[in-house]
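# coords below, sequence missing:
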Ligand SMILES: [Zn+2]
């Protein structure tokens, strides 16, 4: 967080010195920071981003490999995500800002995740999406490498289509590491709330961090419920999609944040 406080202080001083020259001023060619800077984001989205990563690990959505991102609330062409470390270890100073080509704005020697293109291409193509998760969720992996389609079988995931689509990137569950591969993935996904990646994992989107985290947690549960149905010898009877579904996770988010606050004390 310190970097944003620093930047905000810097810009406040600058505004005092030269009102009207603040931000986005191409004439300020002497300062690469100023030429690139966005307004400081709401600190809440950054603290939610840190907490959201920890919550996803605790809830079994992410096991080491996975990440959460959020669109900049004051510049839709930027987004935030952590540097490339295990999500349970993320702290505020690890959060980096990227443009929609996945280029880091002020890396300070930090490396972003290789798979960040998944996030940037979704943010580019879908203005209604403000938060993205990619994860290798164990309960969903069987559906990424079989002919059993992932289907909504519990009431909290009716944001899904009747069959979740699967995208194939190479023959070995290959990682999406560039704009071209990510564009192909976005095309397969269309306007859906989630997408499976063949032999690899899942992508979930939402209009906010609480929504996307809630969706991913409920989708993880859905994977287990559907496997239970199959293990019982049954056949899934999928629920119908609800255009308004998958947005009411406020109670869950409040509880998960409280748990997070207890744990970080
Ligand atoms: Zn991955």
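The structure has been received and is ready for your questions. All of these numbers come straight from a predicted model, not from anything done at the bench.
# helices of the stretch 1-150 of the chain, start to end?
2-17, 32-36, 43-58, 116-125, 141-144 (DSSP state H, counting those that start in this stretch).
# what's the longest helix in this structure?
helix 209-231 (DSSP state H).
# what about that one, average pLDDT?
For helix 209-231, mean pLDDT is 98.
# distance from it to the middle of the chain?
Relative to the centre of its chain, helix 209-231 is centred 16 Å away, using C-alpha atoms, centre = their mean, to the nearest Å.
# buried ones in it?
209-223, 226-227 (16 or more other C-beta atoms under 10 Å). Where you see a C-beta, it was placed from the backbone N, CA and C, and this is true even at glycine.
# residue ranges for the helices of the stretch 151-265 of the chain, please.
Using DSSP H, counting those that start in this stretch, the helices found in the stretch 151-265 of the chain span residues 179-189, 209-231, 250-264.
# in stretch 178-187, what counts as buried?
Buried, per 16+ other C-beta under 10 Å, within stretch 178-187: 181-182, 185-186.
# what's around the residue nearest to residue 263 when sequence neighbours are not counted, how many residues?
Nearest non-adjacent residue to residue 263, counting by C-beta to C-beta, 6 or more residues apart in numbering: residue 54, 7.7 Å away. Neighbours of residue 54 under the rule other C-beta atoms under 10 Å: 21.
# my read: residue 54 touches residue 86, true?
No: taking contacts as C-beta atoms under 8 Å, residue 54 lies outside contact range of residue 86: 10.6 Å.
# intersection of neighbour lists for these two?
Taking C-beta atoms under 8 Å, 6 or more residues apart in numbering as the criterion, residue 54 and residue 86 do not both touch any residue.
# now do the contacts for the residue nearest to residue 263.
Here residue 54 is in contact with 87-88, 90, 260, 263 (C-beta under 8 Å, 6+ apart).
# for it, give its distance to residue 126.
Distance, residue 54 to residue 126, by C-beta to C-beta, to the nearest Å: 26 Å.
# try residue 198
21 Å.
# shouldn't residue 84 be in contact with residue 104?
No: between residue 84 and residue 104 there is no contact under C-beta under 8 Å: 11.1 Å.
# need the residues touching each of these two.
residue 112.
# residue 158 reaches residue 151, doesn't it?
No: if you go by C-beta under 8 Å, residue 158 and residue 151 don't touch, sitting 11.0 Å apart.
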